[in-house]
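>>> Structure, please.
(chains A, B, C and D)
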2 protein chains.
Amino acid sequence: MEQSRVLAALSALANETRLELVRRLISQGPEGMAAGDIARDLDISASRLSFHLAQLEQAGLITGRKASRNVFYAVDAAGIGQVIGYLLNDCCRSHPEVCACCTPRLSPENGRI
Amino acid sequence: MEQSRVLAALSALANETRLELVRRLISQGPEGMAAGDIARDLDISASRLSFHLAQLEQAGLITGRKASRNVFYAVDAAGIGQVIGYLLNDCCRSHPEVCACCTPRLSPENGRI
DNA sequence: TCCACAGTTCAATTACTCATGAATCATTGA
DNA sequence: TCAATGATTCATGAGTAATTGAACTGTGGA
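Next comes the predicted model:
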């Protein structure tokens, strides 16, 4: 992933509303959530939400899918993974202390490899 | 790690100069690099460098160590790891597609567990 | 003591980001 | 076709971030 795309993604994530937005969408899974429902959920105006959704979509962190009058937004897990991957592998060159953040998912109790 | 600290760290990383700075410092290892040498290396003014170093230090991503006239800056690998860890584990709840970014370091050829 | 060097701080300017509300577009149902 | 709904776009203003150059602090050597 090129540095410019990583910068765009980091800028997108470096905002309280948008980070909260990603968290909500993550919990919604791949079917996503209609913009109006998100706005009601986070109690923000439609135009403000639209602004932040556009930033996240532009950065490749979420995707929008039109369905009649609604637009359903869902996280682009691969896109988010690429950003984290850049920080871990390219930027930090798999430095052991940095990569320690990955170990929780390697522990036996959460069941993943 | 609390969300506010993560946001501060993401804001710090979401800048071309500072992301480049972190990359340079990562490659320098724990002994770090004197501010003046960094400025010459990146070809930026001392005051501009000082501004960005302060942002990164404030965000807990690097540390400064005074040695006579020089100040040596080095990455805080644990701090960076915590940010990535938040994105992977708390924010993205160890979603498999997101965590795919960790697999390179798990491959046999790079020799890490 | 004095000067030179390394680094930080400050003030001023410029540029950017965000929130708000009105206007607009698109779709659906009456 | 018209009104209602879901969503985006636009203009404006407020607040924040970044760059620049000058001034300042602290340290070491002549």
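>>> what does chain A put close to DNA strand D?
Proximity of chain A to DNA strand D is confined to A:34-37, A:39, A:46-47, A:49-51, A:53-54, A:64, A:69-71 under the rule C-beta under 7 Å from any atom of the strand. All C-beta atoms are positioned from the backbone trio N, CA, C, and that covers glycine.
>>> 10 Å instead, please
A:11, A:14, A:33-40, A:45-54, A:57-58, A:64, A:66-73 (C-beta under 10 Å from any atom of the strand).
>>> Just those residues: which are in strands?
A:33-34, A:64, A:66-67, A:70-73 (DSSP state E).
>>> before we move on, the earlier item: among the residues of chain A next to DNA strand D, which are in reach of DNA strand C?
Of the entries in these, the ones placed beside DNA strand C under the rule of C-beta under 10 Å from any atom of the strand are A:11, A:14, A:45-52, A:54, A:66-70.
>>> Now the buried members of those.
In these, burial by neighbour count holds for A:11, A:14, A:49, A:52, counting by 16 or more other C-beta atoms under 10 Å in any protein chain shown.
>>> Neighbours of residue A:78, how many?
Burial measure for residue A:78: 13 neighbouring residues, criterion other C-beta atoms under 10 Å in any protein chain shown.
>>> quick one: contacts for it?
With contacts defined as C-beta atoms under 8 Å, 6 or more residues apart in numbering or on different chains, residue A:78 is in contact with B:97, B:100.
>>> In chain A, which residue sits closest to DNA strand D?
Closest approach between chain A and DNA strand D, counting by C-beta to the nearest atom of the strand: residue A:36, at 2.2 Å.
>>> Would you mind listing where chain A has pLDDT under the threshold?
A:103-113 (pLDDT under 70).
>>> The same query, at a cut-off of 80, please.
Scanning chain A for pLDDT under 80 picks out A:1, A:91, A:93-94, A:102-113.
>>> Now that residue A:33 has come up, it's in contact with residue A:70, right?
No. The pair residue A:33 and residue A:70 does not pass the contact test of C-beta atoms under 8 Å, sitting 9.6 Å apart.
>>> re the thing from before, let's have the ones in strands among the residues of chain A next to DNA strand D in a markdown table, adding distance to residue B:1.
Conversion of those to a markdown table gives the following (distance: C-beta to C-beta, whole Å):
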| residue | distance to residue B:1 |
| --- | --- |
| A:33 | 26 |
| A:34 | 31 |
| A:64 | 30 |
| A:66 | 36 |
| A:67 | 36 |
| A:70 | 35 |
| A:71 | 32 |
| A:72 | 31 |
| A:73 | 26 |
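>>> Alright, calling it a day.
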